[in-house]
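J.: Just a sequence and a predicted model for now, questions to come.
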Amino acid sequence: MGLSDPVTGFHYPDAWIDACNDPALLADVGAGLAVLTSSGTVLRRGYTTGTTAAAACKASVCSLAGEVDVVEILIPAGFRVCVPAEGRAGSGIAKKYPGSYPGDVTAGLEFRAEARPLGNDIVLIPGEGIGRYTRTTRRFSEGEPAISPPALACILSSIQEGLDMSGFPGVEVRLSVPGGEGVASLTLNPKMGVGGGISILGTTGLVEPWDDHLETSVMERVAAAHGPVLTTGRLGLRYARMLFPEREVILVGSRIGQALEVLKGPAILCGLPALVLRYLTPRLLEGTNYRTVEELAGDPVFLSRMDAAFEQARSLHPGLRVVLVDRDGNILGDSG
């Protein structure tokens, strides 16, 4: 039987499917809730902070009309998931589920939402434990809550669904993450200019699992592929497929070095600049006064730094073409 991952579009080899003897787990793989590895081991995806926040908010709004214990969320990946969330008398609570990702420092955090009917609009008020930008960046102004556009869209659509179910025309929802400020110190937020709490994120709405089983499977794919496109994240995955539809696209995350070690023959490395350029030139930001590659990309010096990184790639990895894109899919540079 055929089996594909609805998140990445990867078609699982028959040998991988045959190695798993649990139909229920395979059903979860087909639903996008889990990932199948070459050994037949199934690793579960978790829910992002964005999905968890959306669940707490929706539960709070739905509970204005009656108690709930689970809510359905349309995640940015384009399909619905059922998330445990307790809703009682306008209060919603959802706990962050990490799936098979032991390194998730936000695992178990409790997201709380308080809803009250108000007017004809949706008013979302991020509160305790949710970070805010401490300086203006290319995409966010100082003082703005650290909620990514896909996560915010998911939260607002979930609140609207809650309104449709409860029958109220408008609502004010106060969202908080008690303990979020302490956990944020374990993340990259301080370096990214976000203070006071965690970021609410979620390009797909799902947290990818990662352990030795999955890394082995990914590297096996890289080693067996002919002229693959390696990419580092969800946006890179999307644009790499659009730019190179005839090639196999493999998501390797931050494990670029491991992938290049097992690579046989030419390949393309395509993605957003941050991980790619930091891998090629680890001291990229030195002497620039910028904290992030995204900020550097707005400075004219970026082009010379990118060209230097391309030259480094040609020297160290002959046969590797590097293509960098921005968040809108525009090509920033191509090493050719």
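T.: Everything's here; your move. Residues are numbered from 1 along each chain as shown.
J.: Below-threshold pLDDT in this structure: ranges please.
T.: Low-confidence segments of the chain (pLDDT under 70): 1, 210-214.
J.: got the residue ranges for the helices in it?
T.: Counting by DSSP state H, the chain has helices at residues 14-18, 23-30, 49-62, 149-166, 180-184, 189-192, 212-224, 234-243, 256-262, 273-280, 293-296, 301-316.
J.: quick one: the last one to helix 273-280, angle?
T.: Spelled out, that is helix 301-316. Between helix 301-316 and helix 273-280, the angle comes out at 50 degrees (axes from the mean of the first three to the mean of the last three CA atoms, to 10 degrees).
J.: And the second one, by the same measure?
T.: What separates the directions of helix 23-30 and helix 273-280 is an angle of 100 degrees, with the same axes, to 10 degrees.
J.: buried set for helix 23-30?
T.: Leu25, Leu26, Asp28, Val29, Gly30 (16 or more other CB atoms under 10 Å). To be clear about C-beta, it is placed using only N, CA and C from the backbone, and glycine gets the same treatment.
J.: Now render the residues you listed as JSON lines, adding distance to Asp5.
T.: Shown next, in JSON lines, are the buried residues of helix 23-30 (distance: CB to CB, whole Å):
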{"residue": "Leu25", "distance to Asp5": "14"}
{"residue": "Leu26", "distance to Asp5": "12"}
{"residue": "Asp28", "distance to Asp5": "11"}
{"residue": "Val29", "distance to Asp5": "7"}
{"residue": "Gly30", "distance to Asp5": "8"}
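J.: of the residues you listed, closest to Pro126?
T.: Asp28 (31.9 Å; CB to CB).
J.: Wait, Gln312 touches Tyr279, no?
T.: No - proximity of Gln312 to Tyr279 does not meet the contact threshold set by CB atoms under 8 Å, at 9.8 Å.
J.: neighbour count winner among those two?
T.: Tyr279 (20 against 16; other CB atoms under 10 Å).
J.: shouldn't the more buried one be in contact with Gly257?
T.: Yes - Tyr279 is within contact range of Gly257, at 6.6 Å (criterion: CB under 8 Å).
J.: how many other residues sit next to the residue lying closest to Ala19 once chain neighbours are set aside?
T.: Nearest residue to Ala19 in three dimensions, chain neighbours excluded: Gly40, at 2.9 Å (CB to CB, 6 or more residues apart in numbering). If you count neighbours by other CB under 10 Å, Gly40 ends up with 17.
J.: Next: the one 3 residues further on.
T.: Neighbour count for Leu43, taken as other CB under 10 Å: 20.
J.: and what of Ser157?
T.: A count of nearby residues for Ser157, using other CB under 10 Å, gives 16.
J.: Let me see the contact set for the residue nearest to Ala19.
T.: By CB atoms under 8 Å, 6 or more residues apart in numbering, Gly40 lies in contact with Trp16, Asp18, Ala19, Cys20, Asn21.
J.: Buried among those residues? Make that a PyMOL selection.
T.: Of the contacts of Gly40, the buried ones go into a single PyMOL selection, burial set by 16+ other CB under 10 Å:
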select buried, resi 16+20
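J.: So which of the contacts of Gly40 is the closest to Cys57?
T.: Closest approach to Cys57 among these (CB to CB): Cys20, at 35.5 Å.
J.: For Gly30, see how far away the closest one is.
T.: Look at Cys20 and Gly30: by CB to CB, to the nearest Å, they are 12 Å apart.
J.: ditto for Glu220
T.: From Glu220 to Gly30 the distance is 21 Å (CB to CB).
J.: partner residues bridging the closest residue to Phe140 other than its chain neighbours?
T.: In this structure, Phe140 finds its nearest non-sequential neighbour in Tyr133, 4.8 Å apart by CB to CB, 6+ apart. Per DSSP bridges, the residues bridged to Tyr133 are Val194.
J.: My guess is Tyr133 contacts Gly196. True?
T.: No - look at Tyr133 against Gly196 with CB under 8 Å: they stay out of range, at 9.8 Å.
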